[in-house]
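Participant: Predicted coordinates and the sequence they were generated for:
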Amino acid sequence: MPDHHHEPEDNAITDTGMGGTMDLGMDEAETLEKTPGGPEGTGPQQKPRSLWSDAWRDLRRNPVFIISALVILFLVVISLWPSLIASGSPLKCDLSKAQEGSQSGHPFGFDGQGCDVYTRTVYGARTSVAVGVLATLGVAVLGSVLGALAGFFGGVGDSVLSRITDVFFAIPVVLGGLVLLSVITSNTVWPVIGFIVLLGWPQLSRIARGSVITAKQNDYVQAARALGASNSRLIFRHIAPNAIAPVIVVATIALGTYIALEATLSYLGVGLKPPSVSWGIDISAASPYIRNAPHALLWPSGALAITVLAFIMLGDAVRDALDPKLR
């Protein structure tokens, strides 16, 4: 019988994993034999990065974030330990040196009461940063909790919260501060912080509500609900991590706004009051002497402007990093 010469077939048999077999081309069989890593078996594939890891990578490469973060870090350090760069007392004044300019050991000169402008500017950072941070935390916690619950459960509670936020949005901030804080005689920062939280939470509430409503409509949330996940698990495990980014962005930008609001209220005489040390108080006290001693007004005003700008720049950088649409 003639020899039958069989050409090598470019096919391979592989198990389907379900009790059967299927023919595959050699290229496909080789592909199955390769490791699930990179080309030529170079190793396992890299784990997909999360939104937060991508955001941190972008932030580290953003010069705006680096500059603003360094400025804020410096402000936090001098707020906690002002004696590191200012040895005097902000309440020690000498009327014989009133409105005098820069001198040795007093680089910013003296204000109308003979107080060292440099020392008061350094110690004023403590008040501004404390008010901004504490007010932002209060606004973020209260607004996020109320907005998240309203957005998740909906119904009558959501409608009531929406009408309440409309009422608060109709209140002018400065006018409300003049009315509410004028009857409080406390010299601490707590009345100012409480007022900012009272009028600031509706904005964060609406942001959180919209983010939660968007997140709870995603397929993975519906799948978790179908598998029997409780409401608390849905909120904390699936919805909150994906809805918190807009809240962080708005809160970071609002922090600088709250610092400026505290200075405005103190300038008008209804915020912090002497002997408290605040940039708003110093700006108000130096305004009548702007012609004779402009340095007493310029230094605290410049410190306030730099601080507010740093937090706004930080918020913009965080927004650009956390918003995938801007990439």
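Facilitator: Alright, I've got the coordinates.
Participant: Residue ranges in the stretch 1-150 of the chain under the pLDDT threshold?
Facilitator: 1-51 (pLDDT under 70).
Participant: can we see that at 90?
Facilitator: By pLDDT under 90, the weakly predicted segments of the stretch 1-150 of the chain are 1-62, 86-89, 91-106, 112-113, 128.
Participant: just the stretch 201-327 of the chain next, same as before
Facilitator: Looking at the stretch 201-327 of the chain by pLDDT under 90, you get 214-246, 249, 253, 269, 271, 273-276, 288-293, 315-327.
Participant: Can you show me the helices along it?
Facilitator: Assigned by DSSP state H, counting those that start in this stretch, the stretch 201-327 of the chain shows helices spanning 219-226, 231-233, 240-267, 279-286, 295-322.
Participant: any residues touching stretch 161-176, and which ones?
Facilitator: 146-147, 150, 195, 199, 201-202, 205-206, 209, 261, 264-265, 268 (Cβ atoms under 8 Å, 6 or more residues apart in numbering). Any C-beta I mention is one placed from the backbone N, CA and C, and that applies to glycine too.
Participant: Go through it and flag the buried ones.
Facilitator: 161, 165 (16 or more other Cβ atoms under 10 Å).
Participant: what mean pLDDT does it have?
Facilitator: The pLDDT scores in stretch 161-176 average 90.
Participant: Would you state the strands of the chain in chain order?
Facilitator: Under the criterion DSSP state E, the chain contains strands at 11-15, 21-25.
Participant: all helices of the stretch 1-150 of the chain, in order?
Facilitator: Under DSSP H, counting those that start in this stretch, the stretch 1-150 of the chain gives helices at 26-33, 51-60, 63-80, 117-153.
Participant: so can I have a markdown table of those showing distance to Asn242?
Facilitator: Listed next are these as a markdown table, based on distance: least, Cβ to Cβ, whole Å:
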| stretch | distance to Asn242 |
| --- | --- |
| helix 26-33 | 35 |
| helix 51-60 | 8 |
| helix 63-80 | 22 |
| helix 117-153 | 12 |
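Participant: How much space separates Leu84 from Phe74?
Facilitator: Remark: distance between Leu84 and Phe74 (Cβ to Cβ, to the nearest Å) = 11 Å.
Participant: Comparing these two, which residue is more hemmed in?
Facilitator: Neighbour count, other Cβ atoms under 10 Å: between Leu84 and Phe74, Phe74 has more, with 14 against 10.
Participant: Based on its surroundings, how many neighbours for Gly114?
Facilitator: Around Gly114 there are 15 residues (other Cβ under 10 Å).
Participant: For it, give its distance to Ile85.
Facilitator: Gly114 is 21 Å from Ile85, by Cβ to Cβ.
Participant: My understanding was that Thr257 contacts Thr307; is that so?
Facilitator: No. Between Thr257 and Thr307 there is no contact under Cβ atoms under 8 Å: 11.4 Å.
Participant: More neighbours: the two, which one.
Facilitator: Thr307 (24 against 20).
Participant: need the contact list for that one.
Facilitator: Thr307 touches 71, 75, 125, 128-129, 256, 259, counting by Cβ under 8 Å, 6+ apart.
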